[in-house]
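K.L.:
What follows is a predicted structure for the sequence shown.
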Amino acid sequence: MAGPEPALPKVPEATRNPLWLGAVLLVVAALASYWFVDQLSGFGESLEHRHGVAVVSTAAALLDTRDIAALRGDASDAGTPAHEAVRARLRAVREANPEFRFVYLMRPQSPGSDRFVFLADAENPGSPDYSAPGDVYDGPSGNLHQTASTGEPQFSSAIEDQWGTWVSALAPIHHDGQLVAVLGVDIAHQEWLDAQARYRGIGLVISALVLSLIALFLIGLHLQRRAGNRMSALGHQLADRLQELDRAQEGLRLADVVVRHTSEAIMVLDPQMRIQRVNPAYEKLTGRREADVLGGMPPAFTHDPALYKRVQAAVTAGDHWQEEVWAVRDDGSRYAVGALAEVVRDEDGRIEHFIVVLQDLSTQKEIENRLRELSATDGLTSIPNRRAFDDGLAREWERGIRQKSQLSVIMADIDFFKRYNDQYGHVAGDACLQQVAAALKAGIRQGGDLVARYGGEEFAVILPGADPAAAR
């Protein structure tokens, strides 16, 4: 017996490396990138706030508070040494920080007032943006008031006034413990947004690089696994082919075992219908040895050339032939066989072999004849039954017509049979029927006459060639 087949390498299934896992990883990485960009943008905004507060605080520390305290906050300050000194410092602050658009000093119009007036401005007096000493600031003053009241530097959100949209860094200036001014530097809102965009851009670039690396990693992993799957599949196919060869060899061995030990006779014929091989069952059925029939035509074809033509026509039309035929043994005895022929073709459709299977039908024919006989015999009287009578009458009627001969039929029944059966019982009634049937059978002519039980106590007799007188 063949040993157990070797285990095949398992082909990696798609579920081992699902694409949705890569998609989930990319989604998670995208969400993380979104969070990172948002955090970096927030960090940049916070850093810019601190930078603005640090710059304005540093600039405030560089101003001479005595000069500022000397300013009265009205038009009389213009041109004074203190005013010019303060303006020079403000211009130096603006020149040192190109992102600053406006640099100015303000003071509450009166102690506790929400309105502020300009003390000094870094703009040239001829500029339309210049604010002279004592000019009242009529823009939003919430951040100014908060800086003045808390004494803490502030960085405002976007502010809209007559000069445009700004963000401002504000720092309080004290002299001898008293608030003498609020230093303000304004940055154009677009420049502020550009600064924020730089941080967001850095975050986007870093995120894009990370996502690209992840995507490249996933693509490489996918390609690697696909190549591995392909190699594994090739190995699996090779193992399949080897197993197919093993199975084919085993199949050939089993086929040979089956052919040799089957009870049905088998012939293998070449395209010219010459015998190439027979099995032991053929030798047993036909009485002919394999060595005696190899290379020759099947004996049935030799005895019946019409059979040979029928087989050729059938297999040419449909690759199949089946028929019951009578074969002849060497001793001259005839026997019935069921013959089946199949055609084996090559890849190009050419005939390679004919496989003929022969089944001995002798026993089957005997059984069929016996069943046919039983089906036509009355079980009680052992004479033909009504079915046999009907068949015989039709047969003799047709013969009488063909031969223009006479035909007589006698119909008879037993009088008072029911009373007899009721009085003496069914067993006696059956014996009566059997005796009457025997008497009728004994009284007919030998040959074609037929006595049949027609039904119940009725009998019928067919007398071929008998005229009325002979029938009586």
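P.N.:
The structure has been received and is ready for your questions. Numbers count the residues shown, from 1 in each chain.
K.L.:
How about residue 70, nearest residue that isn't a chain neighbour?
P.N.:
residue 82 (4.3 Å; C-beta to C-beta, 6 or more residues apart in numbering). Placement of C-beta: from N, CA and C, glycine included.
K.L.:
which ones are touching the residue lying closest to residue 290 once chain neighbours are set aside?
P.N.:
Once flanking residues are discounted, residue 290 sits nearest to residue 278: 5.0 Å by C-beta to C-beta, 6+ apart. Contact analysis of residue 278 by C-beta atoms under 8 Å, 6 or more residues apart in numbering lists 265-268, 290, 293-294.
K.L.:
Try it again at 10 Å.
P.N.:
Going by C-beta atoms under 10 Å, 6 or more residues apart in numbering, residue 278 touches 259, 265-269, 285-286, 288-294, 298, 356, 358.
K.L.:
Mind checking which of those residues land in strands?
P.N.:
265-269, 356, 358 (DSSP state E).
K.L.:
any chance of the residues you listed in JSON lines, with neighbour count, distance to residue 44 and pLDDT too?
P.N.:
Formatted as JSON lines, those follow (neighbours: other C-beta atoms under 10 Å; distance: C-beta to C-beta, whole Å; pLDDT from 0 to 100):
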{"residue": "265", "neighbour count": "22", "distance to residue 44": "97", "pLDDT": "80"}
{"residue": "266", "neighbour count": "18", "distance to residue 44": "92", "pLDDT": "83"}
{"residue": "267", "neighbour count": "22", "distance to residue 44": "95", "pLDDT": "83"}
{"residue": "268", "neighbour count": "15", "distance to residue 44": "90", "pLDDT": "86"}
{"residue": "269", "neighbour count": "23", "distance to residue 44": "93", "pLDDT": "83"}
{"residue": "356", "neighbour count": "22", "distance to residue 44": "94", "pLDDT": "84"}
{"residue": "358", "neighbour count": "23", "distance to residue 44": "97", "pLDDT": "80"}
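K.L.:
In a markdown table, list those along with distance to residue 376.
P.N.:
A markdown table is the format used below for the ones in strands among the contacts of residue 278 (distance: C-beta to C-beta, whole Å):
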| residue | distance to residue 376 |
| --- | --- |
| 265 | 33 |
| 266 | 37 |
| 267 | 38 |
| 268 | 43 |
| 269 | 41 |
| 356 | 35 |
| 358 | 31 |
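K.L.:
I'd like to know which of these is nearest to residue 133.
P.N.:
residue 268 (126.0 Å; C-beta to C-beta).
K.L.:
Show me the beta-bridge partners of the closest one.
P.N.:
Counting by DSSP bridges, residue 268 forms beta bridges with residue 277, residue 355.
K.L.:
OK, contacts around it?
P.N.:
Residue 268 touches 259, 275-279, 344, 353-356, counting by C-beta under 10 Å, 6+ apart.
K.L.:
low-scoring stretches of this structure, by residue?
P.N.:
The chain contains residues with pLDDT under 70 at 1-19, 161-164, 189, 191-193, 195-196, 251-252, 255-259, 261.
K.L.:
which helix is the longest one in it?
P.N.:
Assignment by DSSP state H gives helix 189-261 as the longest helix of the chain.
K.L.:
angle of it against strand 265-269?
P.N.:
Put simply, helix 189-261 runs at 110 degrees to strand 265-269, going by axes from the mean of the first three to the mean of the last three C-alpha atoms, to 10 degrees.
K.L.:
Assign a three-state SS to residue 139, would you?
P.N.:
coil (DSSP: H, G, I helix; E, B strand; the rest coil).
K.L.:
for it, phi and psi?
P.N.:
Here the main-chain torsion angles of residue 139 (degrees, to the nearest 10) amount to phi -90, psi -170.
K.L.:
and if you look at residue 128?
P.N.:
Per degrees, to the nearest 10, the backbone of residue 128 is at phi -60, psi -20.
K.L.:
Burial check on it, number of neighbours?
P.N.:
Residues near residue 128, counting by other C-beta atoms under 10 Å, number 6.
K.L.:
How about the one 3 residues further on?
P.N.:
For residue 131, the count of nearby residues is 21 (other C-beta under 10 Å).
K.L.:
just checking, it touches residue 124?
P.N.:
No. Under the criterion of C-beta atoms under 10 Å, residue 131 is not in contact with residue 124, lying 11.6 Å apart.
K.L.:
buried subset of the contacts of residue 268?
P.N.:
259, 275, 278-279, 353-354, 356 (16 or more other C-beta atoms under 10 Å).
K.L.:
one step back: tell me the one of the ones in strands among the contacts of residue 278 nearest residue 198?
P.N.:
residue 268 (89.5 Å).
K.L.:
So the closest one versus residue 275, what's the distance?
P.N.:
7 Å (C-beta to C-beta, to the nearest Å).
K.L.:
Need the overlap of contacts for the two.
P.N.:
354, 356.
K.L.:
what helices or strands is the helix or strand harbouring residue 390 leaning on?
P.N.:
Per DSSP states H and E, residue 390 falls inside helix 386-403. Judged by 3 or more C-beta pairs under 10 Å, 6 or more residues apart in numbering; DSSP states H and E, helix 386-403 is in contact with helix 362-375, strand 407-413, strand 450-455, strand 458-464.
K.L.:
switch to 7 Å and redo it
P.N.:
On a contact count with 3 or more C-beta pairs under 7 Å, 6 or more residues apart in numbering; DSSP states H and E, helix 386-403 meets strand 407-413, strand 450-455, strand 458-464.
K.L.:
hmm, who's touching it?
P.N.:
375-376, 406-407, 409, 450, 452, 454-455, 460, 462, 464 (C-beta atoms under 7 Å, 6 or more residues apart in numbering).
K.L.:
hang on, residue 175 packs against residue 64?
P.N.:
No. Using C-beta atoms under 7 Å, residue 175 is not in contact with residue 64, being 9.4 Å away.
K.L.:
Using the three-state scheme, assign the residue nearest to residue 70.
P.N.:
With three-state DSSP as the criterion, residue 82 reads helix.
K.L.:
Residue 173 versus that one, what's the distance?
P.N.:
14 Å.
K.L.:
Repeat that for residue 87.
P.N.:
15 Å.
K.L.:
same check, this time on residue 391
P.N.:
140 Å.
K.L.:
Neighbour count for these two, which is higher?
P.N.:
Higher neighbour count among residue 391 and residue 173: residue 173, with 21 against 14, using other C-beta under 10 Å.
K.L.:
Now the helix or strand where residue 337 lies: buried residues?
P.N.:
Element membership of residue 337 [criterion: DSSP H and E] is strand 334-345. Within strand 334-345, the residues scored as buried using 16+ other C-beta under 10 Å are 336-337, 339, 341, 343.
K.L.:
And stretch 86-103, by the same measure?
P.N.:
86-87, 89-91, 93-94, 97, 99-103.
K.L.:
Max pairwise distance over the residues you listed: which two?
P.N.:
Taking C-beta to C-beta, no two of the buried residues of stretch 86-103 sit farther apart than 86 and 99, at 21.6 Å.
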